[in-house]
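no sequence on hand, only this structure:
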């Protein structure tokens, strides 16, 4: 009698069963892995949700309103600034379109330029008077112990300042210029709907300055935090008028110094100066490589 061989399966059938078992086993492992990952993700989300209940509420970004001034707005502003002179635009700049931009962008550029130059002129005017009267800090000016110059002729005093100190001043100015030109979701550029004259706050973190900056350039102590918009507009108009007057004042000083008698009201008040008041350095830094002094 032959033995019963029904329990022995063909080789091909065994291979198929082996592959099926392997496939099924891998699927079970994959499914188990997915379930474990889902449990882990659910636990992380649950912890994050519970932690968020104790996290401080995030501050919403400051709302910004697009500013698009036109020539009509300038005419209205001119009457508020000086009712006697009113709107005066002999070069017709209010209708210009600089660098292929729109008229609104050009007006934003002109408004911002006037406000910024007015602020610098106010610094210059006050600084001129301070130096002309010999007022200076009592401590040393440089790390090597050099004291502040005793010169009372402001342009001549600037000539005595070392080039290294001047480069430090210009580096700060360059940074402030760079920062003022930034355009972010919370601070639009003055040519793209931003407010002319508005200097962006110093922000820290990944999208800002890498170290803490406790004070801002404008209103470092937040005195104007609760000021009404009407009062802010009134103070801005006063700033524009003071800036215009300061520009006339500082140029009046320099004109009388370099061309005695050109400003009769200042004759005998300011000291003469035979240098170049518009040159930042006593030597021609840019022209020196080309043999220019």
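Alright, I've got the coordinates. The shown structure was predicted, so the numbers you read here are calculated from the model rather than taken from an experiment.

so where do the helices sit in this structure?
11-52, 71-81, 103-132, 154-160, 163-180, 229-258 (DSSP state H).

out of those helices, point me to the one whose mean pLDDT is lowest.
Among these, helix 11-52 carries the lowest mean pLDDT, a mean of 47.

so residue 196 touches residue 118, yeah?
No: applying C-beta atoms under 8 Å, one finds residue 196 not in contact with residue 118, separated by 11.4 Å. The C-beta positions use only the backbone N, C-alpha and C, and glycine is treated the same way.

tell me the mean pLDDT for stretch 201-215?
78.

tell me how far the ends of that stretch are from each other?
Taking C-alpha to C-alpha, to the nearest Å, stretch 201-215 runs 9 Å from one end to the other.

run through who's touching it.
179, 184, 187, 216, 217, 221 (C-beta atoms under 8 Å, 6 or more residues apart in numbering).

how about the last one, what does it touch?
To tie it back to what came earlier, the one meant is residue 221. residue 215.

renumber starting at 8 from here on
Got it, first residue is 8 now, which makes that one residue 228.

tell me the confidence at it?
83.

in stretch 88-100, what counts as buried?
Residues of stretch 88-100 classed as buried by neighbour count (16 or more other C-beta atoms under 10 Å): none.

can you report how many residues neighbour the closest residue to residue 268 other than its chain neighbours?
Excluding the flanking residues, the one nearest residue 268 by C-beta to C-beta, 6 or more residues apart in numbering is residue 274, at 6.0 Å. For residue 274, the count of nearby residues is 11 (other C-beta atoms under 10 Å).

how near is residue 99 to residue 117?
Residue 99 sits 12 Å away from residue 117, going by C-beta to C-beta, to the nearest Å.

typo on my end, residue 231
On the measure of C-beta to C-beta, residue 231 and residue 117 end up 25 Å apart.

more neighbours, those two?
residue 117 (20 against 12).

what is the neighbour count of residue 134?
A count of nearby residues for residue 134, using other C-beta under 10 Å, gives 14.

ok, now which ones touch it?
Counted by C-beta under 8 Å, 6+ apart, residue 134 has contacts residue 161.

for the contacts of stretch 208-222, which single residue is the most surrounded?
residue 194 (19 neighbours).

pLDDT at that one, what is it?
For residue 194, the model assigns a pLDDT of 84.

how about residue 143?
On the pLDDT scale, residue 143 gets 91.

am I right that it is in contact with residue 159?
No: if you go by C-beta under 8 Å, residue 143 and residue 159 don't touch, sitting 10.0 Å apart.

what about the residue nearest to residue 75 when sequence neighbours are not counted, how many neighbours?
The spatial neighbour of residue 75 that comes closest, neighbours along the chain excluded (C-beta to C-beta, 6+ apart), is residue 111 at 4.4 Å. For residue 111, the neighbour count with other C-beta under 10 Å is 19.

kind regards, and thank you for your time.
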